[in-house]
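Chemist: Next input, structure requested:
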Amino acid sequence: MTDNSKQKSRKAKSGLDRREVLFSGAGVAALGAMGGFVFGGLSPTRAAAQTSEPFIQPITERTTPISKAKEPLPYDVAKEVRARFSVPNWQSAGDDGVYVNMHFPSFKPTDIAMPSHPPRELERDIQPQLKDLTFTREDGSQSDTLDGYVYGENRTQALLMAHKGKIVYEAYPGMNPWDYHIWMSASKTCVGTLCIILEREGLLDLEAPISDYATELAGTAWDMVSVRNALNMASGLDVEETTEAFLDPNSWIEKFFASLFGGDGNAWIEILQSVKPLDGEKPGDHFRYSTSITQALVLALQSASNLKYVDLFNDRIWSKIGVKNQYMVGLASDGTAVGGGLNMTTPEDMLRYAMIFTPSWNVVSTERIISDDLLRRIQTLGDPAAYKGSTEEGYHAQWFGESGERNSAQWDVVFADGAMFKHGNMHQGIYSDPARDFCGMIFSTTPNDQPDYTPGYLRAAAKMLAGG
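Modeler: As a prediction, the model looks like this:
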């Protein structure tokens, strides 16, 4: 079976991969003008007061090749991009999407944490053989070479890999090293890590209902969901991001995303309060991906710590890493951080964050943030039985040419060897492989209707450099 036919087979039940809803003509026409966010596996949402078809800026010579994104836009063009900003236009990953991904605070409110740890430079030990790296894809075929893929039509903007604390592969096809970029759903790893840190501090009980901390949700269906099951996206609630739900303007998930970004005040919390349990499914039974769960965890974190999300992340993680630039996170309509998708950093600083999960943590920090015990908790919190047969498991087979063992603590996939990966919309990604002392990151503005093989290269590189 060819790679394309494999994709079609996986989509057969719904007729369209939910990660591609926006990118077909039928999807745009059905969804109309939308408000809301699209993070990792998310599709765009409909703004309640709008019905006309949105403007979609395609990929043109303005960002072809993608290296043109390294140069500033002319002032008049930047003004036009801002004037016609909409979520579907941004998430279509056309010319405007490239600009928004690199200038998000120009469009929406943002919280900032400045660097405070003495900066740690990352040494280079470039491995020339990596440019010719290939891996075996799901259908048994060999991929293109790494350089061929990165500098080809994928519209990768930055790709960094580090082994034993040194950068071994570095590519900036579509941005400068000092530019920042949005992480999309790779942001969720920060939420998961903070939850495990607060558990170890005695501030968060993972077996308690999430509504014990996110008190805004008390007295609702969230009372049945433990913090653990929320972390593993096995809520038993009708919140999954499916193609069918996104094509229905009256679905719960559509209303949630519209309210998160375009609603008044805490309307998104009121939508969270209205969620219903799934018939015949208990919390913990099945991995069902939803950023709404991550946002419930953000509420829980803020309550448990009595800190704003940006201050909590800065205190426990960012201030302890020798980053060179600020951390930024976009805000929901009421000012709550959208920890489920709107982190922004430079590529190197994202790599420094990925490195804290590896034995080379001391390259970027004077204090060990992720202990062996904490790392093991992150890697094993998820239930392999809940992961098996999930929609996400099918994506992982496509990305890596192999499936993982489980999802866990907001990471999309954890392999049997402990390697962890989290994907983000428009082909963002973060990979940490502690056993091989390897980590990597990807920034991109690639339409979701193109398959993403960058994760497979990261895992193949880790295996090559570690000898298996």
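
Chemist: Let me know the distance separating the residue lying farthest from the centre of the chain from Ala83.
Modeler: What lies farthest from the middle of the chain is Asp76; by CA atoms, centre = their mean that is 31.5 Å. Counting by CB to CB, to the nearest Å, the gap from Asp76 to Ala83 is 11 Å. Every residue, glycine included, has its C-beta placed from N, CA and C.

Chemist: Next: Asp95.
Modeler: Note on Asp95: its distance to Ala83, by CB to CB, is 14 Å.

Chemist: If you count surrounding residues, which of the two has more?
Modeler: Set side by side, Asp95 and Ala83 show more neighbours around Asp95, with 22 against 7, by other CB atoms under 10 Å.

Chemist: show me the contacts for that one.
Modeler: By CB atoms under 8 Å, 6 or more residues apart in numbering, the contact set of Asp95 is Gln57, Pro58, Ile59, Thr60, Arg62, Thr63.

Chemist: Which residue is the nearest non-sequential neighbour of the second one?
Modeler: Residue nearest to Pro58 in three dimensions, not counting chain neighbours: Gly94, with 4.9 Å by CB to CB, 6 or more residues apart in numbering.

Chemist: so that neighbour makes contact with Pro54?
Modeler: No: Gly94 lies out of contact with Pro54 (CB atoms under 8 Å); the separation is 11.8 Å.

Chemist: Can you report how many residues neighbour the residue nearest to Pro58?
Modeler: 19.

Chemist: Equivalent analysis for Gly335, please.
Modeler: For Gly335, the neighbour count with other CB under 10 Å is 11.

Chemist: Tell me which helix or strand it sits in.
Modeler: Per DSSP states H and E: Gly335 is located in neither a helix nor a strand.

Chemist: Quick check: the gap between the spatially closest residue to it that is not a sequence neighbour and Gly330.
Modeler: Leaving aside its chain neighbours, Gly335 sits nearest to Pro109 (7.2 Å; criterion: CB to CB, 6+ apart). Separation of Pro109 from Gly330 (CB to CB) stands at 7 Å.

Chemist: Comparing the two, which residue is more hemmed in?
Modeler: Comparing Pro109 with Gly330 by neighbour count (other CB under 10 Å), the higher total belongs to Gly330, at 22 against 10.

Chemist: Surely the more buried one is in contact with Leu342?
Modeler: Yes: contact criterion CB under 8 Å: Gly330 and Leu342 qualify, at 3.1 Å.

Chemist: Could you please give me the overlap between the contact lists of the two?
Modeler: Shared contacts of Gly330 and Leu342 (CB under 8 Å, 6+ apart): Phe104, Thr110, Ile182.

Chemist: Residues in a beta bridge with the last one, which ones?
Modeler: Residues found in beta-bridge contact with Ile182 (criterion: DSSP bridges) are Met344.

Chemist: what's the burial count for it?
Modeler: For Ile182, the neighbour count with other CB under 10 Å is 27.

Chemist: tell me the pLDDT at it?
Modeler: Looking at Ile182, its pLDDT stands at 99.

Chemist: Checking the residue nearest the centre of the chain next. Helix, strand or coil?
Modeler: With distances taken as CA atoms, centre = their mean, Ser185 lies nearest the centre of the chain, 1.6 Å away. Using DSSP: H, G, I helix; E, B strand; the rest coil, the structure places Ser185 in helix.

Chemist: How about Ala462?
Modeler: Secondary structure, three-state DSSP: Ala462 is helix.

Chemist: still on that earlier bit, please convert the shared contacts of Gly330 and Leu342 to TSV, extending it with distance to Val225.
Modeler: Shown next, in TSV, are the shared contacts of Gly330 and Leu342 (distance: CB to CB, whole Å):
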residue	distance to Val225
Phe104	30
Thr110	29
Ile182	28
